[in-house]
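**Q** Here's a sequence, model it:
(one chain, ligands or ions: 1)
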Amino acid sequence: MVQGSVNLNTERGKEWLQDYVDNWVNFYQKQTDEGKVASYIPSLEHADPNALGISIIGKNGTIIRSGDTNVEFSIQSISKVLSFIVACMERGLTYVLQRVDVEPTGESFNSIMHLEINQPKKPFNPLVNSGAITVSSLLEGRTSDQKLEPLYQLLEKILGHRPEIDVDVYVSERDTSMRNRAIGYYLLEEGYLESDLSITLETYFKHCSLNVTLDDLAMIGLVLSNDGVHPNTDETLIPKQIARVAKSLMLTCGMYDASGKFASYVGIPAKSGVSGGILAVVPPRVRNQNLPFLEGCGIGVFGPALDKQGNSTAGIKLLRHIANQWDLSLF
Ligand code: GLU
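**A** Residues are numbered from 1 along each chain as shown. Next up is the predicted model:
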């Protein structure tokens, strides 16, 4: 218990939560030096390595924002959760899972080696590059814009605004991503792709380049926490079964090859991206105590200095701290 006898649903309780989060953001901001900003996509290199911010949006409407919250950054790998969801909504869960597995790789997100050894022959999961590129090929439409239109529409319904592509990031990745092209050619040779390779890669690079804010990530997390239903409109935006598989994948495969550690020490579904973002989902939980966000919440974190696996160094520490203090873990 961290908040003593303060009732968290009162104004005083919310102030208490805000102070609490501010303190820990300040504390972990001093540890951003331990990580390094991603540079393999040249345009990501401009990010401030010392930035750290968090936004938490609860089902009861409570919003806690702290640190560097006024930043926009490209969503990167976090978009793989969304492209998977949209592909499943268009083609059906069974169809998609016949083409992409749901197993953790234990390898880096852009590994080619694991593609050659997986049996039955299909990419390990939709949250690594090979799986996400395959999923991009499954999205309906002839052009990348047609393929991405349903994803933009889904985001518009969740966020209340249409997301935009960061053109610099898109061009920067498109022009440098030899590794993703290699993965693409391998997938093509093996017959995994259902669309032209260049359209598939264009689709993949574009959804990775979508600009988001911390509130955007927290809102996506909140809708997933609420089984795909938008808590403000009560509209079902994602079928429950698809939301469930997406969250399972986040828990088992969402934090690169540190997913097992994150599941053990933090215990909530999350997906990170190389720009330093983390999308985390806290489902409603039954706890016999006065704890924050018992009805569930979505969390967005941004801290561009990354550890070796590609996760935000300070972001992970901050999430781990809050999750442990607030007993957010699923288990
Ligand atoms: N667009 C990035 C890539 O394909 C995404 C990587 C990530 O965020 O994990 O390399």
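
**Q** quick one: the strand or helix carrying Phe205 near the ligand?
**A** Assessed by DSSP states H and E, Phe205 sits inside helix 197-208. Yes. Using CB under 6 Å from any ligand atom, helix 197-208 comes into contact with the ligand via Cys208. C-beta: built from backbone N, CA, C; applies to glycine.

**Q** average pLDDT for that helix?
**A** Helix 197-208 shows a mean pLDDT of 98.

**Q** Show me which residues of it are buried.
**A** Within helix 197-208, the residues scored as buried using 16 or more other CB atoms under 10 Å are 199-208.

**Q** Check which helices and strands it sits against.
**A** helix 79-91, helix 129-138, helix 144-159, helix 167-176, helix 178-190 (3 or more CB pairs under 8 Å, 6 or more residues apart in numbering; DSSP states H and E).

**Q** Quick one: name whatever helix or strand follows the helix or strand containing Asp215.
**A** Per DSSP H and E: Asp215 is located in helix 214-225. Sequence-wise, the next helix or strand downstream of helix 214-225 (DSSP H and E) is helix 240-253.

**Q** Mind checking if that following helix is in reach of the ligand?
**A** No. Helix 240-253 stays clear of the ligand (CB under 6 Å from any ligand atom), getting no nearer than 11.5 Å.

**Q** residues making contact with that helix?
**A** Contacts of helix 240-253 with the rest of the structure, by CB atoms under 8 Å, 6 or more residues apart in numbering, involve 81, 84-85, 88-89, 93, 97, 102-105, 124-128, 223-224, 227-228, 238, 259, 263, 268-271, 279, 281, 283, 330.

**Q** in the next helix or strand along the chain from it, what's buried?
**A** Downstream of helix 240-253, the next assigned helix or strand under DSSP H and E is helix 259-265. By 16+ other CB under 10 Å, the buried positions in helix 259-265 come out as 259, 262-263.

**Q** for stretch 216-232, same thing?
**A** Residues 216-231 are the ones in stretch 216-232 that count as buried (16+ other CB under 10 Å).

**Q** what residues are up against the closest residue to Glu103 other than its chain neighbours?
**A** Once flanking residues are discounted, Glu103 sits nearest to Phe124: 5.1 Å by CB to CB, 6 or more residues apart in numbering. By CB under 8 Å, 6+ apart, the contact set of Phe124 is 101, 103-105, 114, 118, 130-131, 253.

**Q** ok, now how distant is Phe124 from the ligand?
**A** Distance of Phe124 to the ligand, computed by CB to the nearest ligand atom, to the nearest Å: 14 Å.

**Q** and that residue, which of the three is it?
**A** Assigned by DSSP: H, G, I helix; E, B strand; the rest coil, the conformation of Phe124 is coil.

**Q** Next secondary structure after the strand or helix carrying Asn23?
**A** Under the criterion of DSSP H and E, Asn23 resides in helix 11-29. On the C-terminal side of helix 11-29, the nearest following helix or strand under DSSP H and E is strand 36-37.

**Q** Let me see the mean pLDDT of the next helix or strand after that following strand.
**A** Next in sequence after strand 36-37, counting helices and strands by DSSP H and E, comes strand 53-58. The pLDDT scores in strand 53-58 average 98.

**Q** hey, which helix or strand in this structure has the poorest pLDDT?
**A** helix 113-117 (a mean of 80; mean pLDDT, DSSP states H and E).

**Q** Could you give me the buried positions within that one?
**A** By 16+ other CB under 10 Å, the buried positions in helix 113-117 come out as 114-115.
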